[in-house]
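Participant: Sequence and predicted model, in that order:
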Amino acid sequence: MSFPGQDAPPAGGSAPDLPAELAFLERHGVPYPVLRQAQLAAGEAGVPPADALLKTGLLDERSFYRALAAETGLPFLGRFRLAEGVRFPQAVSAGLAALAEPQAGAAFVHAPQGAEVARLLGERDRGGGLVALTTPTLLRAAVLRAAGAAIARMAADDLSNATPALSYRNGVTREQAWAAVALLGAVGLAALLAPAAVLALGGAALSLLFLLMIVVRLAAVVDSGPVAPRVRPSRRPDHALPVYTVIVAMRREGRVLDKLVLALQALDYPPAKLDVKLVIDADDREMRDALGARSIPAHMEVVVAPPGLPRTKPRALNVALPLARGAFTVVYDAEDVPDPDQLRLAVDTFGRSGGDVACLQGRLVIDNTDDSLLTRFFTIEYAALFYVLNPGLAATDLPVPLGGTSTHFRTDILRAVHAWDPWNVTEDADLGIRLALLGYRVGDLPSSTLEEAPKRLGPWLHQRARWMKGFMQTCITHSRRPDRALRSLDPFKFVGAVTMTFGTVLTALLYPFLTATAAAAIADGALARTGRAYDVLGWGLGLVTLAAGALAIYLPPLVAIKRRGLWRLLPLVPFLPLYYALVSVAAWRGLFELVRDPYRWNKTDHGLAVTSRASQMAAELRGGVGRRTA
């Protein structure tokens with residue numbers, strides 16, 4: 001056993017002053033000062049004393065449950081196998097499961113937590129010899145192994161089984177395919193009969209769609225409001241804070257594990273009320289070795305997702321969510337460094353928001369801006385999205401395609417909507433649209449999270465192609481019943497949803513062709529030769545769209561640069577159209593992958609940044625600084 005606080009002087013009193021779930025430990029060699037420290041921590045955080053003892057690392061889990069077994073006269077099991085048919089997550093929540101075969105005379109294994117520990121100590125009949133004790137960690141791992149196949153099915157198919165129309169599981173429906181064929185046939189026939197008219201009217205229709213998208217973007221700029229000073233959360237006492245679940249899905253992230261653990265430790269939230277779940281795949285040897293080589297803080301736990309398809313991040317998140325104990329749940333990526341006070345600010349913001357605010361989107365900030373020209377453009381793009389566009393969409397109550405990290409949810413609502421779609425490779429954007437369709441809103445959380453951007457073109461295209469493929473999947477999913485979508489959303493929100501999903505995809509795909517067409521028309525004087533009514537309509541709308549589109553391209557980044565103080569990146573803004581040409585390349589690659597391999601998850605490698613502020617902060621944390629300013 002190790003006792004971090006055993007040299008601390010007792011704060012008065014004697015062993016009888018301790019609650020039962022702590023007092024018995026003194027008879028098993030745990031010093032009174034350690035137990036008293038746990039008692040005080042429990043009072044401050046408003047949690048059961050045993051939870052404070054274990055979550056703050058004052059006593060390791062195995063030592064506690066071995067002592068509890070010795071005190072109660074029950075056997076302790078360090079290795080065991082559970083019976084088939086064990087229920088997930090009920091067995092973990094209850095801390096009780098049937099053994100595959102009796103061990104040490106016991107038919108059940110029990111891992112009591114919180115008030116259950118005191119109840120067990122106070123009972124005269126402690127199971128009649130049918131129960132053995134173990135640790136919550138060992139029980140959870142055993143349940144995940146025993147119920148692996150059922151858990152994998154649940155994580156993959158819960159949404160598609162409950163509401164098939166809201167999952168990409170079955171891809172394009174027959175009705176969608178026939179509608180697409182009919183539309184293409186009609187356009188093709190019309191093009192044969194009147195090609196000039198079709199070209200002009202088609203251009204006008206596209207211009208109207210793009211104008212709607214431009215209007216939404218510009219409205220978001222206006223409604224995002226002026227630059228506000230950084231919001232500080234209220235310093236409510238720890239006992240008044242809810243339990244907060246943090247989920248981090250990790251695959252081959254050994255390079256950033258240390259930085260992640262330090263970033264999570266720096267969160268200004270009582271450890272006894274943090275429910276941190278690091279999710280890894282069963283076959284991820286890199287993460288198993290990395291986690292085995294270091295000591296994980298007591299309030300963090302490793303969840304091993306059982307094998308199954310699809311091999312995507314949302315499937316891993318779906319494995320962990322049923323185990324969440326928090327009233328709120330946040331998702332971070334492995335390379336993230338959130339503001340230390342972000343969880344407290346989220347609690348305050350949820351408290352001021354209506355019950356229909358299901359999610360708060362934190363603001364993602366590129367950490368390695370100076371790694372390359374590509375990361376500089378990425379920084380501008382993220383600044384415009386998370387400091388201008390998303391806050392504006394949230395302020396206008398328009399649907400918000402979420403970012404994949406720093407997304408804070410009300411846990412009960414997240415479960416009610418069946419969490420993430422594991423068959424969509426941009427599950428965050430899909431979930432944002434689905435929340436809007438189901439009557440929920442997304443709010444802005446003015447707190448930053450540092451992220452690492454790919455610094456080379458190959459990995460960038462790899463990542464962006466997945467994002468664009470996922471946007472296409474989102475468009476397919478939510479266009480199956482547009483009539484229902486229109487009834488669920490008012491016309492303004494419906495237009496917002498269409499422009500932020502379908503408009504984003506179509507713009508990216510057509511960007512080089514439309515740009516070339518406009519440039520050619522201007523160069524050869526075609527605009528001056530228009531005479532027919534549909535020519536005037538088409539080219540007139542085209543000109544308006546071109547002018548408004550330029551404003552929509554440049555205004556959000558300029559506003560974001562001002563708000564973030566990124567003046568050194570201002571000279572790059574005129575060259576953003578070149579960056580968007582790369583986005584178009586990624587979109588076409590995403591379309592190719594959608595047809596060839598729709599569920600493939602293009603993994604982005606992390607821990608490769610050179611100019612990383614997060615790495616510097618990690619070094620400061622190791623040196624004991626432990627806080628950073630905004």
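Facilitator: Perfect, thanks for sending it.
Participant: what sits against Asn170?
Facilitator: Shown in contact with Asn170 (Cβ atoms under 8 Å, 6 or more residues apart in numbering): Ser160, Pro164. C-beta: built from backbone N, CA, C; applies to glycine.
Participant: Report the secondary structure state of it.
Facilitator: Following DSSP: H, G, I helix; E, B strand; the rest coil, Asn170 is assigned to coil.
Participant: Name the secondary structure element that contains the nearest residue to Leu291 once chain neighbours are set aside.
Facilitator: Leaving out its chain neighbours, the residue that sits closest to Leu291 by Cβ to Cβ, 6 or more residues apart in numbering is Val302, at 5.8 Å. If you go by DSSP states H and E, Val302 is part of strand 300-305.
Participant: repeat for Lys277
Facilitator: Here Lys277 is assigned to strand 274-281, by DSSP H and E.
Participant: before we move on, what about Ser447?
Facilitator: Going by DSSP H and E, Ser447 is in strand 441-451.
Participant: tell me the angle the helix or strand that contains Tyr511 makes with strand 441-451.
Facilitator: Assignment of secondary structure by DSSP H and E places Tyr511 within helix 491-523. Inter-element angle recorded for helix 491-523 and strand 441-451: 60 degrees (by axes from the mean of the first three to the mean of the last three Cα atoms, to 10 degrees).
Participant: other SSEs contacting helix 491-523?
Facilitator: helix 195-223, helix 427-437, helix 457-478, helix 482-488, helix 533-564, helix 576-596 (3 or more Cβ pairs under 8 Å, 6 or more residues apart in numbering; DSSP states H and E).
Participant: Any idea which of the ones you listed gets closest to Asn368?
Facilitator: Closest to Asn368 of the helices and strands packed on helix 491-523, according to Cβ to Cβ: helix 457-478, at 12.4 Å.
Participant: which regions of the stretch 401-550 of the chain lie under the pLDDT threshold?
Facilitator: Applying pLDDT under 70 to the stretch 401-550 of the chain flags residues 521, 524-542.
Participant: Counting by contacts, list what the strand holding Val302 packs against.
Facilitator: Using 3+ Cβ pairs under 8 Å, 6+ apart, strand 300-305 sits against helix 136-146, helix 148-162, strand 274-281, helix 313-320.
Participant: Could you list the domains of the protein?
Facilitator: Annotated domains of the chain cover 15-148, 240-457 [automatic domain parsing].
Participant: Name the stretch among the ones you listed that sits most buried.
Facilitator: Of all these, domain 240-457 has the most neighbours on average by mean count of other Cβ atoms under 10 Å, namely a mean of 21.
Participant: Ends of that domain, what's the gap?
Facilitator: Domain 240-457 has an end-to-end distance of 47 Å (Cα to Cα, to the nearest Å).
Participant: Report the inter-axis angle for the helix or strand containing Thr349 versus strand 441-451.
Facilitator: Thr349 belongs to helix 342-352 when assigned by DSSP H and E. Using the same axes, to 10 degrees, the inter-axis angle of helix 342-352 relative to strand 441-451 is 170 degrees.
Participant: Could I get the buried residue list for the helix holding Tyr511?
Facilitator: 493-509, 511, 514-515, 518, 521 (16 or more other Cβ atoms under 10 Å).
Participant: can I get the helices and strands packed on helix 491-523 in TSV with distance to Ser353?
Facilitator: Shown next, in TSV, are these (distance: least, Cβ to Cβ, whole Å):
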stretch	distance to Ser353
helix 195-223	17
helix 427-437	14
helix 457-478	25
helix 482-488	21
helix 533-564	22
helix 576-596	33
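Participant: Most tightly packed of these?
Facilitator: Across the helices and strands packed on helix 491-523, the average number of neighbours (mean count of other Cβ under 10 Å) peaks for helix 427-437, which reaches a mean of 25.
Participant: just the helices in the stretch 1-150 of the chain please.
Facilitator: Using DSSP state H, counting those that start in this stretch, the helices of the stretch 1-150 of the chain run over 20-23, 32-45, 49-55, 61-72, 90-94, 115-122, 136-146, 148-162.
Participant: mean pLDDT lowest for which of the ones you listed?
Facilitator: Between the helices of the stretch 1-150 of the chain, the one with the least mean pLDDT is helix 115-122; it has a mean of 90.
Participant: ok, back up a step: sheet-wise, list the partners of the strand holding Ser447 with their directions.
Facilitator: If you go by DSSP bridges, strand 441-451 pairs up with strand 337-338 (antiparallel), strand 357-366 (parallel).
Participant: between those strands, which gets nearest to Tyr168?
Facilitator: For the strands paired with strand 441-451, proximity to Tyr168 was assessed by Cβ to Cβ; strand 357-366 is nearest, at 19.8 Å.
Participant: now the angle between helix 427-437 and that closest one, please.
Facilitator: Strand 357-366 runs at 150 degrees relative to helix 427-437, counting by the same axes, to 10 degrees.
Participant: what distance separates the helix or strand that strand 357-366 is followed by from the centre of its chain?
Facilitator: Sequence-wise, the next helix or strand downstream of strand 357-366 (DSSP H and E) is helix 373-384. Its chain's C-alpha centre and that of helix 373-384 lie 21 Å apart, by Cα atoms, centre = their mean, to the nearest Å.
Participant: just stretch 51-58 next, same as before
Facilitator: Counting by Cα atoms, centre = their mean, stretch 51-58 comes out at 27 Å from the chain centroid.
Participant: quick one on the thing from earlier: now the domains of the chain as a markdown table including distance to Leu211?
Facilitator: Below are the domains of the chain laid out as a markdown table (distance: least, Cβ to Cβ, whole Å):
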| stretch | distance to Leu211 |
| --- | --- |
| domain 15-148 | 48 |
| domain 240-457 | 16 |
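Participant: Tell me which of these lies nearest to Ala552.
Facilitator: Closest among the domains of the chain, using Cβ to Cβ: domain 240-457, at 10.1 Å.
Participant: related to what we said a few turns ago, ok, the residue nearest to Leu291 - contacts?
Facilitator: By Cβ under 8 Å, 6+ apart, the residues touching Val302 are Lys277, Leu278, Val279, Ile280, Leu291, Ile296.
Participant: thinking again about what came up before, Throw the helices of the stretch 1-150 of the chain into CSV and include distance to Val198, thanks.
Facilitator: Below are the helices of the stretch 1-150 of the chain laid out as CSV (distance: least, Cβ to Cβ, whole Å):
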stretch, distance to Val198
helix 20-23, 77
helix 32-45, 68
helix 49-55, 67
helix 61-72, 70
helix 90-94, 60
helix 115-122, 72
helix 136-146, 58
helix 148-162, 39
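Participant: Just tell me which of those ends up closest to Thr611.
Facilitator: So among the helices of the stretch 1-150 of the chain, helix 49-55 is nearest, using Cβ to Cβ, at 35.7 Å.
Participant: how near is Val330 to Val304?
Facilitator: 21 Å (Cβ to Cβ, to the nearest Å).
Participant: same deal with Val187?
Facilitator: In terms of Cβ to Cβ, Val187 sits 51 Å off from Val304.
Participant: before we move on, what about Ala263?
Facilitator: Distance from Ala263 to Val304, by Cβ to Cβ: 22 Å.
Participant: ok, Thr426 touching Gln473?
Facilitator: Yes - counting by Cβ atoms under 8 Å, Thr426 does reach Gln473; the two are 7.0 Å apart.
Participant: Let me know whether Ala497 touches Pro491 as I believe.
Facilitator: No - with contact defined as Cβ under 8 Å, Ala497 does not count as touching Pro491 (10.7 Å).
Participant: what number of residues lie near Pro571?
Facilitator: 9 (other Cβ atoms under 10 Å).
Participant: just to revisit the earlier point, quick one: mean pLDDT for the helix holding Thr349?
Facilitator: Rounded mean pLDDT across helix 342-352 is 96.
Participant: quick one: contacts of that helix?
Facilitator: Under Cβ under 8 Å, 6+ apart, the answer for helix 342-352 is 231-234, 236, 241-242, 244, 246, 267-269, 328, 330, 339, 357, 360, 362, 406, 408, 410, 443, 445-447, 449.
Participant: Restricting to C-alpha, output it in PDB.
Facilitator: Below are the C-alpha coordinates for helix 342-352, written out as PDB (Å, rounded to 0.1, in the frame of the first residue of the first chain):
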ATOM      1  CA  GLN A 342     -13.800  24.600 -19.100                       C
ATOM      2  CA  LEU A 343     -15.900  22.100 -17.100                       C
ATOM      3  CA  ARG A 344     -16.900  24.600 -14.500                       C
ATOM      4  CA  LEU A 345     -17.800  27.100 -17.200                       C
ATOM      5  CA  ALA A 346     -19.900  24.400 -19.000                       C
ATOM      6  CA  VAL A 347     -21.800  23.700 -15.700                       C
ATOM      7  CA  ASP A 348     -22.500  27.400 -15.300                       C
ATOM      8  CA  THR A 349     -23.600  27.800 -19.000                       C
ATOM      9  CA  PHE A 350     -25.900  24.800 -18.900                       C
ATOM     10  CA  GLY A 351     -27.400  26.200 -15.700                       C
ATOM     11  CA  ARG A 352     -28.200  29.400 -17.500                       C
END
